[in-house]
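In: sequence first, predicted coordinates after that:
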Amino acid sequence: MEPLVHVTADDPRFGAVAVALDHVAGTLTVSGGGLPTVEMRRAPGTSPESHVPIGTRDPERLTLTVDGAEETLRPAKGFLTRRSYRVEAASVTRGHTYLLVPDSLGTSGLLRDGRRLGAFTSSGDGHVSADWDTADRDTADASGPSPEPYDASLGYALAAAFGTGAEPMWRLTLDAVLDLWP
């Protein structure tokens with residue numbers, strides 16, 4: 001993993017989204033025209049884990065701010081199920097809860113208050129793409145919530161910081177058993 005990566009994603013709904021990920025320093029910044037700036041930082045002195053782009057899944061060692069306001073970040077530990085790789089963020093300023101949860105080998109769905117907004121793909125190297133479920137729905141009667149700039153910034157940050165997707169449970173269980181085999 002490269003220590004510092006600057007990538008610009010071309011989001012189909014929100015335009016250019018800049019992602020700056022520094023695995024060694026444990027910093028991530030997401031910004032773009034009309035998008036709030038999201039920053040995530042790993043606590044100083046925390047040894048980075050190579051399989052996590054931001055370097056840790058320990059919520060006590062991570063801070064998340066959106067346009068300077070600190071928000072709550074709760075990544076799960078990640079072990080035997082796809083759901084165990086979920087990342088939850090709670091926005092006190094907006095009154096919403098967000099969840100990025102793997103839904104396939106390579107993608108994770110972004111939910112706001114339990115309602116799906118879209119899917120993100122990230123290989124963990126700072127490159128992120130989004131596929132919004134409501135990208136073509138601009139009418140008021142369209143079902144499902146429409147993603148907002150805040151949702152996009154946070155989704156890109158969570159996907160870049162923790163990666164997306166996970167193996168199916170049977171594969172994760174098999175890998176865990178084989179690791180114990182002499």
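Out: Received, thanks. As the structure is a prediction and not an experimental result, all values here were calculated from the model.

In: now do the phi/psi pair for the residue nearest to Leu4 when sequence neighbours are not counted.
Out: Spatial nearest neighbour of Leu4, excluding adjacent residues (C-beta to C-beta, 6 or more residues apart in numbering): Asp22 at 4.6 Å. Yep, even glycine has a C-beta here, placed from its N, CA and C like the rest. Per-residue torsions, Asp22: phi -120, psi 100 (degrees, to the nearest 10).

In: same deal with Ser50?
Out: phi -70, psi -30.

In: how much space between it and Ser123?
Out: Counting by C-beta to C-beta, to the nearest Å, the separation of Ser50 from Ser123 is 14 Å.

In: check contacts around the residue nearest the centre of the chain.
Out: The structure's the chain has its C-alpha centroid closest to Leu158; by C-alpha atoms, centre = their mean the separation is 1.9 Å. Residues counted as contacts of Leu158 (C-beta atoms under 8 Å, 6 or more residues apart in numbering) are 87, 89, 98, 100, 110, 120.

In: so it sits in a helix?
Out: Yes - judged by DSSP: H, G, I helix; E, B strand; the rest coil, Leu158 forms part of a helix.

In: how about the helices in the chain?
Out: 149-162, 169-180 (DSSP state H).

In: worst average pLDDT in the ones you listed?
Out: Between the helices of the chain, the lowest average pLDDT goes to helix 169-180, which shows a mean of 64.

In: my guess is Asp11 contacts Ala18. True?
Out: No - using C-beta atoms under 8 Å, Asp11 is not in contact with Ala18; the gap is 10.8 Å.

In: what touches both of the two?
Out: The contact sets of Asp11 and Ala18 overlap at Gly32 (C-beta under 8 Å, 6+ apart).

In: quick one: which of the two has more around it?
Out: Asp11 (21 against 16; other C-beta atoms under 10 Å).

In: neighbours around the closest residue to Ala9 other than its chain neighbours, how many?
Out: Leaving out its chain neighbours, the residue that sits closest to Ala9 by C-beta to C-beta, 6+ apart is Val17, at 4.5 Å. Residues near Val17, counting by other C-beta under 10 Å, number 24.
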